[in-house]
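S.K.: Using only what follows, build the 3D model:
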Amino acid sequence: MSKKSGTLNRREFLKLAGAASAAGILAACAPKATPTPAPVATLPPAPGATSAPAATATTAPTAAPITLTYGRHDTGAGVKDTIKSFQADHPNITIKMNVIDNFHDHIYALAAAGSLPDVVRSWEAMVLELGRHSIFIDVQPLVDATSDFHPEDFYDNWWKYPVSNGKRFGVPDATAPHVCFYNMDLFDKAGLPYPDPNWTWDDFITTAEKLTDLKTGVWGSQPVPVGWQYYILKFCWQNGGDFFSPDYAQCVIDQPAAIEAHQVWADFQLNGKACPAPSQIASIGGENVAANLMQAGKAVMFRMGTWITQQLVTGKIKFGIVPEPKKVRQDTITHGAFNAIPATTKNKDQAWMWLDANCSTQGIYNYCASADARFPGTRKSTNEITPQPWVEPTVTWDVNWDVIKDCQNYGHVLPGPNHEGEALKIIGDAQQAIFTGSAKAKDILPQIIPQVNAVLSEL
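M.R.: Residues are numbered from 1 along each chain as shown. The predicted structure follows:
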């Protein structure tokens, strides 16, 4: 964003936020007299089963009342049950859950103002970026001091993710993996067997072409959502490639596996044999129509996050679920979030008590099992509770629901590079050229490496 517009760009937000966090830490270490708070920018306020276990200790009922704010991007309907049980166990602590509109930008604005909630449910890259800038605290000492926390209960990919330079900046809760949904009735009509769980890219492409019937407007597959850079990243993972090195210090999108992944699926989209090409999308009403093709019975297979289950049920689609097809390895995206404590939080111990309860086996289940979630948990023990939260109870036919849970054993959490937005803008522009046919992956992806690396290396 331009300074001339009167707004701040992401780096300026982080500089201000880091200063605000440092001021909060210094104030916490100062004598408890009459501290003078550092001035901060004035921003509008953010909009508004069993008991979960306590964290490190139970606060005495006679302790002074405390109100903790919990900021998140969604309504978190099931979290209300955890709040109720937590407040019953800790009557001096009130949890106020704030739904933060325009979450991604507003969180950075609140950080710059030193006004973040006491606990924040942060998205993937955000937890690392704000942690690296000392806006979120290292919660590992709090984890170590909590005897009944059991880190081994979390899936490895989620537990290891929010760690940088030996510091842990958050604790995960739910996850929404990508799988392949398919319309069973349309497979039956075409006389084709349902997808095999061990299928490959070639199997998917061949099957999608066989299922396509242009006379009736039925496509074998939905189009690739170009503009969503990380959607294409999962193809790189399935081919043994990546966008970034494991430490996010370098862009590796120019390596053969990533180049092949981009070109294979660009060619799939452009040839018009199995999914609408960009020109065909425009002719049927644009991208919004394309996104609803499967719900309308016009796309037989749909590789997407498990949140579309409700859409398919509403559309009365008899669907099955299999893992996404692979090239050299089985892989997929697992979306999710991490609960973090800002450095400006005045009641760190109580904030940890709430975070611990919210990310306990039951706390995670309460959220995952709510009607607006229906996700697996990042704790293995959560996924052992029945009814399993990702299983849609209204489905009466046979669905292999374990496919969704099993994604946690092999899928990736989305990357957390420095200055993610700027890096993705460069990558996205190149992808747009590849998927519209104006450039080849082998030519354009190597060209963007210096630009992306320059962004990744900047403070």
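
S.K.: Just say helix, strand or coil for the closest residue in space to Lys167 that isn't next to it in sequence.
M.R.: In this structure, Lys167 finds its nearest non-sequential neighbour in Asp138, 3.9 Å apart by CB to CB, 6 or more residues apart in numbering. (Glycine included, C-beta is placed from N, CA and C.) Three-state assignment for Asp138 (DSSP: H, G, I helix; E, B strand; the rest coil): coil.

S.K.: Counting neighbours, what do you get for Asp138?
M.R.: Here the count is done by other CB atoms under 10 Å, and Asp138 has 18 residues near it.

S.K.: next one: phi and psi at it?
M.R.: Dihedral pair for Asp138: phi -80, psi 120, per degrees, to the nearest 10.

S.K.: what's the answer for Thr334, then?
M.R.: Main-chain dihedrals, Thr334, degrees, to the nearest 10: phi -120, psi 110.

S.K.: going forward, begin numbering at 54 instead of 1
M.R.: In the new numbering, first residue 54, that becomes Thr387.

S.K.: Distance check, the residue nearest to Lys220 against Tyr284.
M.R.: 32 Å (CB to CB, to the nearest Å).

S.K.: Ok, Val456 next?
M.R.: From Val456 to Tyr284 the distance is 19 Å (CB to CB).

S.K.: Met354 now?
M.R.: 15 Å.

S.K.: do Phe296 as well
M.R.: 12 Å.

S.K.: And Gly416, by the same measure?
M.R.: With the distance defined as CB to CB, Gly416 ends up 30 Å from Tyr284.

S.K.: which one of the two has more residues nearby?
M.R.: In terms of neighbours (other CB under 10 Å), Gly416 is the more surrounded of Gly416 and Tyr284; the figures are 29 against 18.

S.K.: residues near the nearest residue in space to Ile457 that is not next to it in sequence, how many?
M.R.: Nearest residue to Ile457 in three dimensions, chain neighbours excluded: Trp443, at 4.8 Å (CB to CB, 6+ apart). The local packing of Trp443 (other CB under 10 Å) involves 24 other residues.

S.K.: residues in contact with Trp443?
M.R.: Trp443 makes contact with 359, 362, 421, 427-429, 454, 457-458, according to CB atoms under 8 Å, 6 or more residues apart in numbering.

S.K.: at 10 Å what do you get?
M.R.: Going by CB atoms under 10 Å, 6 or more residues apart in numbering, Trp443 touches 227-230, 359, 362, 421-422, 426-430, 436, 454-458.

S.K.: That one belongs to a helix?
M.R.: No - assessed with three-state DSSP, Trp443 is coil; it does not lie in a helix.

S.K.: Now do the strands in the stretch 404-512 of the chain.
M.R.: Assigned by DSSP state E, counting those that start in this stretch, the strands in the stretch 404-512 of the chain fall at 465-466.

S.K.: where does it have low pLDDT?
M.R.: Nowhere does the stretch 404-512 of the chain drop to pLDDT under 70.

S.K.: Which stretches in the stretch 404-512 of the chain count as helices?
M.R.: Secondary structure of the stretch 404-512 of the chain, counting by DSSP state H, counting those that start in this stretch: helices at 414-421, 455-459, 473-488, 494-510.

S.K.: Which neighbouring elements make contact with the third one?
M.R.: Counting contacts by 3 or more CB pairs under 10 Å, 6 or more residues apart in numbering; DSSP states H and E, the secondary-structure elements packed against helix 473-488 are helix 63-82, helix 177-185, helix 282-291, helix 309-323, helix 494-510.

S.K.: Tabulate the ones you listed (JSON lines), appending distance to Lys242.
M.R.: As requested, these are exported to JSON lines (distance: least, CB to CB, whole Å):
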{"stretch": "helix 63-82", "distance to Lys242": "50"}
{"stretch": "helix 177-185", "distance to Lys242": "39"}
{"stretch": "helix 282-291", "distance to Lys242": "28"}
{"stretch": "helix 309-323", "distance to Lys242": "23"}
{"stretch": "helix 494-510", "distance to Lys242": "35"}
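
S.K.: Could you say which of those is packed most deeply?
M.R.: Mean neighbour count (mean count of other CB atoms under 10 Å) peaks for helix 177-185 among those, with a mean of 24.

S.K.: Let me see the contact set for Pro283.
M.R.: Careful, residue 283 is Tyr; it's not Pro. 177-178, 289, 296, 386, 388, 465, 467-468, 473, 477, 480-481.

S.K.: Pop the domain breakdown of this structure in here.
M.R.: 61-83+94-226+389-437, 230-387+447-510 (automatic domain parsing).

S.K.: Tell me the buried residues in stretch 213-233?
M.R.: 214-215, 217, 220-233 (16 or more other CB atoms under 10 Å).

S.K.: Keep only those of the residues you listed that are in helices.
M.R.: Among the buried residues of stretch 213-233, the subset assigned to helices under DSSP state H is empty.

S.K.: List the ones among those residues that fall in strands.
M.R.: 217, 220-221, 224-233 (DSSP state E).

S.K.: List just the nearest of the residues you listed to Ala492.
M.R.: Closest approach to Ala492 among those (CB to CB): His231, at 26.1 Å.

S.K.: Right, I'll leave it there.
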